[in-house]
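Asker: could you work out the structure for the sequence below:
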Amino acid sequence: MRRESREEEEKEVQGEKMSRKESGEEMNQINAKRRTESREEEEKKIRMEKMSRKESKEEERIKKNSKKRTKSREEEEKEIRMEKMSRKESKEEARIQINAKKRRKSREDEETWINKESRKETGEEKRSNSNEKDREESKRRSLKSPKERRITQKRSREDDSEADENESKKHHADSPELPDPLAISNYQFHSELGEGTFGKVFLATLSNKKQNVAIKVIKKTSKISCVKIKTESNVLRIAKENPYLCQGFAAFQSQSHSFLIMEFASGGSLWDQLAKYQRLEMSRVLFYSAEIACGLDFLHDRGIIHRDLKPENILLDQEGHVKISDFGLALETFGDRVTGYAGTLGYIAPEVRHSNPVYL
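Answerer: Okay, here's the model as predicted:
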């Protein structure tokens, strides 16, 4: 009996131990589960915080980018407004200058008309006092052909050119303190501006002078080149009478080269304008075309044709006015019919390129 009771007690003790172990394991499992849940919640909170931080950073970045874009748009709009204002101002200045030129031209026309009228009156008095021989001579001169008249104009221009050269030499002989503008050693060269039809053009200044000039240096290679140099020199000399032609200041030569001293157009060329803007406004096109037409009309009235008109040869002065330049291919016609092929491909008149004669 005692043995049975002892065994039962041992069984009960073992049962209690087993139950205690099971309850302890359950508690451990519960605690482990709680710890994992708490860790997961903490990790979830950390992830949520990171996501919120990322979202806030993204919002800040978006706001900064939007501010930058708005600022850049405002700056672009401001630049556009400033450009429009500058264009309006330049148009207004051009209009004012054109009106001023028109007024000057009208005054000059009036003075010319008055001088012509006074000359007519004096001419009538002289004719009334002249004899029959003078009247016959005037009739004979009035019946001259256009070719003869232009030849006479050429001779008078050559005489005027020689007189101007003599006057210039006399003036500089009387003023020894000034540097001689007819000596290439008295010029200071700065840079090369470009290359013309028969020579290179350099930017230079005369010693003790601040005015910039353009010097065209032409190598004398043949009799034909000498003739063309003389023609270009004559055109530059008479260009002083028209504001839309590049004026010449002096012309001289050495044994191997000829030198043409011309005004310097600081505004670049029409080619530079096309390269910068790609396309010009219609108002600017009309402005340039009108001044080019005035310059060509002046040349054609004197029997001179340019024969190499292109954007590179249309210069602009500091105020934006046209200066037609490079008369290396210019030709003095004197009423003769012009033949031959001259110019730059792409800018030659169709009738010249295809050799189709035009009779005017």
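Asker: mind listing what residue 205 touches?
Answerer: 187, 188, 190, 211, 212, 213 (Cβ atoms under 8 Å, 6 or more residues apart in numbering). Every C-beta, even on glycine, is put in place using the N, C-alpha and C of the backbone.
Asker: wait, the third one sits on residue 204?
Answerer: Yes - applying Cβ atoms under 8 Å as the test, residue 190 and residue 204 come out as touching, 6.2 Å apart.
Asker: average pLDDT for the helix or strand containing residue 292?
Answerer: Residue 292 is part of helix 282-301, with elements assigned from DSSP states H and E. Across helix 282-301, the average pLDDT comes to 93.
Asker: show me the contact partners of that helix.
Answerer: The contact list for helix 282-301 (Cβ under 8 Å, 6+ apart) reads 91, 94, 98, 235, 241-242, 244-245, 270, 280, 305-306, 309, 314, 321-322, 324, 330.
Asker: buried residues in it?
Answerer: 284, 287, 288, 291, 292, 294, 295, 296, 298, 299 (16 or more other Cβ atoms under 10 Å).
Asker: that helix: how far from the chain's middle?
Answerer: 17 Å (Cα atoms, centre = their mean, to the nearest Å).
Asker: quick one: end-to-end distance for stretch 190-209.
Answerer: This stretch, stretch 190-209, spans 14 Å end to end (Cα to Cα, to the nearest Å).
Asker: buried set for that stretch?
Answerer: Within stretch 190-209, the residues that count as buried by 16+ other Cβ under 10 Å are 193, 194, 196, 197, 198, 199, 201, 202, 203, 204, 205, 206.
Asker: go through these and flag which are in strands.
Answerer: Within the buried residues of stretch 190-209, residues falling in strands by DSSP state E are 193, 194, 199, 201, 202, 203, 204, 205, 206.
Asker: distance from the chain centre to the longest helix along the chain, please.
Answerer: Using DSSP state H, we find that the single longest helix of the chain is helix 2-129. In terms of Cα atoms, centre = their mean, the centre of helix 2-129 is found 37 Å from the chain centre.
Asker: circling back to that earlier point, okay, and which of the contacts of helix 282-301 map to helices?
Answerer: 91, 94, 98, 235, 270.
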